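Trainee: Everything below, folded, please.
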Amino acid sequence: MKFGWINGFSAAIVVLMLIPNILYARRNKGETNRCTNRLMNLLEQIGRYACIVLMWLPLLVWEFGFADVPQMLLYLAGNGALLLAYWILFARYFKQKTAARAMALAVLPACMFLLSGVLLRHWLLAGFAVVFAVGHIFVTKKNISA
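Mentor: Coordinates of the predicted model:
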């Protein structure tokens, strides 16, 4: 299965991933980032925005596609399960913030980006997923321990 130059499925995943983040930002306007490590904050943001764009736009690859049908099914089921877990955890995090939930919410989007990059054979996305994971987990850890 080929997606062509825009991947609508991955774009939908990004939009669905952003909804709870937007709701959280609106509810917690005064919250600040307590991580003072500029390099890790920069890595997190570069990784985040690169992954968001690369999820739906196949830069440096000709088109999105899967090697076979089982990989496509794994992409759909894996991202669906990770996205469902992300939404459930966010709903629970809204009710009660815990360090474990915060870390899980840092790991799950990185897993979605990495899974998509590997299964779509979009190695730039997979690479930026790792950059995002390192930055996001570090910054989240600093924010929950500060």
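Trainee: from here on, contacts and neighbour counts on C-alpha atoms
Mentor: Fine.
Trainee: for this structure, what's the longest helix?
Mentor: Assignment by DSSP state H gives helix 69-95 as the longest helix of the chain.
Trainee: Flag every buried residue along it.
Mentor: 71-72, 75, 78-79, 82-83, 86-87, 89-90, 93 (16 or more other CA atoms under 10 Å).
Trainee: could you point out which element follows that helix?
Mentor: helix 99-119 (DSSP states H and E).
Trainee: pLDDT-wise, which helix or strand of this protein ranks last?
Mentor: strand 2-4 (a mean of 58; mean pLDDT, DSSP states H and E).
Trainee: Could you give the average pLDDT over the following helix or strand past that strand?
Mentor: Using DSSP H and E, the helix or strand that follows strand 2-4 in sequence is helix 8-27. For helix 8-27, mean pLDDT rounds to 93.
Trainee: what stretches of this structure score poorly on pLDDT?
Mentor: 1-6, 62-64, 146 (pLDDT under 70).
Trainee: And the residue positioned nearest the centre of the chain, how close does it get to residue 55?
Mentor: Of all residues in the chain, the one closest to the mean position by CA atoms, centre = their mean is residue 109, 2.8 Å from it. Using CA to CA, to the nearest Å, residue 109 is found at 12 Å from residue 55.
Trainee: what do you get for residue 28?
Mentor: Residue 28 is 27 Å from residue 55, by CA to CA.
Trainee: Between these two, which is the more surrounded one?
Mentor: residue 55 (29 against 10; other CA atoms under 10 Å).
Trainee: Identify the residues contacting that one.
Mentor: Neighbour list for residue 55: 7, 10-11, 14, 113, 116-117, 125 [criterion: CA atoms under 8 Å, 6 or more residues apart in numbering].
Trainee: For residue 99, state which of those is nearest.
Mentor: residue 113 (22.2 Å; CA to CA).
Trainee: I'd guessed that closest one sits against residue 123; true?
Mentor: No - Residue 113 lies out of contact with residue 123 (CA atoms under 8 Å); the separation is 10.9 Å.
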